[in-house]
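Enquirer: Test case, fold it:
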Amino acid sequence: PSPTLNYRPALHDSNGLSIHAGNGEWIWRPLNNPKHLSVSTYTVENPKGFGLLQRGRNFKEYEDLDDRYDLRPSAWIEPKGDWGKGKVELVEIPTADETNDNIVAFWTPDTLPEAKKPLTLSYRLNFTRDEDKLHSQDIAYVARTMRSTGDVKQSNLIREPDGSVAFLVDFVGPVLKGLDANTPVASQISIGDNGEMVENNVRYNPVTKGWRLTVRLKVKDDKKPVEMRAALVNGDKTLSETWSYQLPANE
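Expert: Predicted coordinates:
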């Protein structure tokens, strides 16, 4: 949310980095507008695809008749052949408004070519507004990530902040719609050393016919970021892509 009063709820060309790793894992990293330059690295061998996506297609999410952020296309890189060992890097540059293109994503090989020797890579660059084509229908995906002040409901029903940060993640998709609401869906979650988890809760969402993950954590050192990863599981079966998030430093 913007600190400036604005009738537009959101302003962005994309809201997440999607990665389809060579081992089959799907990763979704919601984007930030951090206070300081931030670089996130994802080790990937022979990536099957990656790109910056605009998953929100509802006009009500933007309310902008001029710039129509709801119509901005997603960009997806589809490698041809094996690229070997490397990493997808995400660069997030602080910006005061929507006029600056502040998000960059690219792949870097572990072994860089020698000077004056070419590096040949083949790929297809896709631009689309049909994000359903860009993730597997066999697993659930993240429809929305919400951040809130962590709190605890008191006996008088008033919510009192407890110094934590809360994240609510809505997972949706055909694989979840096919499950009974009483299915014991759980989360597989990890939080970096700079965070202490105080709540990890998964509940059925009757509106989306999916499941909502609620995570509350306390930051140990505000000057350092906190890394988080989570996915939905049912027993030994993974039901969703991996939600990967970085809470930036000084926030």
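
Enquirer: switch to C-alpha atoms for all contacts and neighbour counts from now on
Expert: OK.

Enquirer: Can you list the low-confidence ranges for the chain?
Expert: Scanning the chain for pLDDT under 70 picks out 1-3.

Enquirer: From start to finish, how long is stretch 77-91 in a straight line?
Expert: By C-alpha to C-alpha, to the nearest Å, the extent of stretch 77-91 from end to end equals 17 Å.

Enquirer: Quick check: buried residues in that stretch?
Expert: Buried positions in stretch 77-91, judged by neighbour count with 16 or more other C-alpha atoms under 10 Å: 77-79, 83, 86-91.

Enquirer: What are the contacting residues of stretch 219-228?
Expert: 164-165, 189-196, 243-251 (C-alpha atoms under 8 Å, 6 or more residues apart in numbering).

Enquirer: Just the buried residues from those, in ChimeraX please.
Expert: Selecting the buried subset of the contacts of stretch 219-228 in ChimeraX, with 16+ other C-alpha under 10 Å as the burial test, is done by:
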select :164,165,189,191,194,195,243,244,245,246,247,248,249
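
Enquirer: In helices, which of the contacts of stretch 219-228 appear?
Expert: In helices, defined here by DSSP state H, there are no members of the contacts of stretch 219-228.

Enquirer: between the buried residues of stretch 77-91, which is nearest Ser122?
Expert: Ser122 lies nearest to Pro79 out of the buried residues of stretch 77-91, by C-alpha to C-alpha, at 6.1 Å.

Enquirer: for that closest one, helix, strand, or coil?
Expert: strand (DSSP: H, G, I helix; E, B strand; the rest coil).

Enquirer: Who are the contact partners of it?
Expert: 47-49, 121-124.

Enquirer: quick check, nearest of those residues to Asp67?
Expert: Nearest to Asp67 out of the contacts of Pro79 is Arg124 (C-alpha to C-alpha; 27.2 Å).

Enquirer: residues near the closest one, how many?
Expert: Per other C-alpha atoms under 10 Å, the neighbour tally for Arg124 reads 11.

Enquirer: That one touches Ile77, doesn't it?
Expert: Yes. The criterion here is C-alpha atoms under 8 Å, and Arg124 meets it with Ile77 at 5.9 Å.
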